[in-house]
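Novice: Dropping a prediction and its sequence here:
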Amino acid sequence: MRAYTPALNFVDVGRTPDGERVDWRVVQTAVLLDDSINPAEGYPEASFEAFEVLSSTIPALLPDARAVFKAEERARGFQTYEPRDFWKLGASLLSERSKAEAGVLLAPALGVQSVGEIRESYVRDWMAPPSPAVVVALKGDRLKALIDEADEQVRREAAGSTLTGRPRFVVGGVDGKKRVRGAPLDAAGTYRVATSLATAEALDLPEPYEPAPGASTVNDVVIAELRARAGRTPPADYHAWMSGLPLSEPGLWRLNFRDVGLNLRQTKVVRNEDFDPVPNSRVQGFNELLVGGVFKADAEYLKSEFKWKNTAEAEYAKSRIEPRGAPATVNLASNRIMLLTLATRRAGGIKPEWFARSYGPSVGFQYDGEFESAPGLRRKQTYSLFPGVEFFDGTFIRSLELAGIVKRDLGREPPNTQTGIRLRSVYSKEIGPSKAVVHGELWNNYFFLTKQDTAGDLRMEGDFNIKLRVPIRRYLSVAPYFDFYWFQLKTRPTWGYTTTLGVSIGFSRLWKPQYESF
């Protein structure tokens, strides 16, 4: 029954035998109390606007708690919904409607408890005062702090301790392993979090507060989403959502535009022969024009225990030089294409977290080529296969691959095949108040000796590069960088290396297309 106030509530139950059958008749009535007495100031009369006359054939919004939870899961010994159950579900529903990655809501007490299915009138009674639905951008470390604080509140409540400080709240869309939409929480990343304006202000979440797309108030969203699922959702799904799991895990796409830039350089020297004796490189220089560009991007797909990463890198530049006393020539200053795809299945977790939080078997395939061939040489076409193991998700070491390598070079005549072992690591760390990022890569290939080796084969090659990316405005940044490349011949123990030191101004952007516009 529904107990209305201020009223005197009656329920009449009639039982009438009729042969082998029994008819039951249940009638509820509510007699309003004397309304001739005006309510006291500050205590208005109860409003009945939130209650509707509904057909008994309309499915309940929530199934019986006894079908959702086992008896041992309820600390009080009887199976009813608790505030965190309902509001975690509400946070997940809100994040799904708002196309956000997670949801955060205050978790006030549920005013009325009932055993059995929960119909809409009860749910409306549980609702907090209407508050606009908004979306905020939270850094990963701030979202992690909220998750940890909500977990600490649960532990204090279980121990019978009184909550101090901020009000009770919940985080929805995050599983027990603190993965957001199936992906490990990145402390340096940025997440779109759906919440209510009241929650954002109570928890001091950072502004601006963007109106949630497709949502007005949190109450309207929760009611609408529960109605859409009523009567066709198994209790096991409600159990999962009330534990914090997102309503769906379609897999997460992350696109990281690591470096997109344009390189322009022009040198102009105006002098005559009288300056020939001057020992100064700038004076003795020559006219040069260099035009080029660089593009480096990663497309990563994460779902449950699987990770699929794709990398594309391209560098191209031409320079026109005019030596004194010689005709102008055009040189290829940069000429490189690299495509890499790597699939990994998470087998377990490890520590320390700066190194890696996950590991698993992996297999990768890479193509190295050129935009155009150098004069007199065939165009480079190299294909490599990397079966091995990957350590990933570290707070500093983002990925470390240990693998075998099978390399097929079709740019040589005849085509050449090399086998060996490979190490590749990608690292990144945000430092300082300016949010500068140290980013770089280390890789090394070692090839086994064979009887078919020639003077043109390398036994070892590797590269170490590091870049400090300092944001200028939004996605534009300036980045001093250092690159060191080493190599050794196979047939002779001869080493060589090249170094590059420079500064680039370019575009960098981590984009999650499912949850944000570009």
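Specialist: Right, received. Where do you want to start?
Novice: Quick one: residues contacting Phe391.
Specialist: Remark: with contacts taken as Cβ atoms under 8 Å, 6 or more residues apart in numbering, Phe391 is in contact with Ile350, Phe355, Ala356, Ser358, Tyr359, Ile397, Ser399, Leu400, Glu401, Leu402. C-betas here are computed from N, CA, C, even on glycine.
Novice: Please identify the buried residues of the helix or strand containing it?
Specialist: Assigned by DSSP states H and E, Phe391 belongs to strand 381-392. Of the residues in strand 381-392, Gln381, Thr382, Tyr383, Ser384, Phe386, Gly388, Glu390, Phe391, Phe392 count as buried by neighbour count, 16 or more other Cβ atoms under 10 Å.
Novice: Reformat those into a markdown table and put pLDDT next to each item.
Specialist: Below are the buried residues of strand 381-392 laid out as a markdown table (pLDDT from 0 to 100):
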| residue | pLDDT |
| --- | --- |
| Gln381 | 88 |
| Thr382 | 91 |
| Tyr383 | 93 |
| Ser384 | 93 |
| Phe386 | 91 |
| Gly388 | 94 |
| Glu390 | 94 |
| Phe391 | 93 |
| Phe392 | 88 |
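Novice: Name the residues that touch stretch 138-150?
Specialist: Applying Cβ under 8 Å, 6+ apart, the set of residues contacting stretch 138-150 from outside is 102, 104, 166, 169-171, 174, 178, 180, 185-191, 193, 203, 205-206.
Novice: let's go with 6 Å and repeat that
Specialist: With contact meaning Cβ atoms under 6 Å, 6 or more residues apart in numbering, stretch 138-150 is reached by Val170, Val171, Val174, Leu185, Asp186, Ala187, Gly189, Thr190, Tyr191, Val193.
Novice: so which of those comes closest to Leu262?
Specialist: Lowest distance from Leu262 to the contacts of stretch 138-150 (Cβ to Cβ) belongs to Thr190, with 26.2 Å.
Novice: what number of residues lie near the closest one?
Specialist: 16 (other Cβ atoms under 10 Å).
Novice: what's the answer for Asn331, then?
Specialist: Residues lying near Asn331 (other Cβ under 10 Å) number 12.
Novice: Also Ala479?
Specialist: Using other Cβ under 10 Å, the number of residues around Ala479 comes to 20.
Novice: contacting residues for it?
Specialist: Contact criterion Cβ under 6 Å, 6+ apart gives Lys467, Arg469, Ser504 as the residues in contact with Ala479.
Novice: Nearest residue to it in space, please, no chain neighbours.
Specialist: Arg469 (4.4 Å; Cβ to Cβ, 6 or more residues apart in numbering).
Novice: unless I'm mixing things up, the one you found is touching Val437, no?
Specialist: Yes. Here Arg469 reaches Val437: they are 4.7 Å apart, a contact under Cβ atoms under 6 Å.
Novice: Of the contacts of Phe391, which belong to strands?
Specialist: Among those, the members falling in strands (DSSP state E) are Ser358, Tyr359, Ile397, Ser399, Leu400, Glu401, Leu402.
Novice: Could you point out the bridge partners of the first one in the sheet?
Specialist: Ser358 has the following beta-bridge partners by DSSP bridges: Phe392.
Novice: Cool, thanks, signing off.
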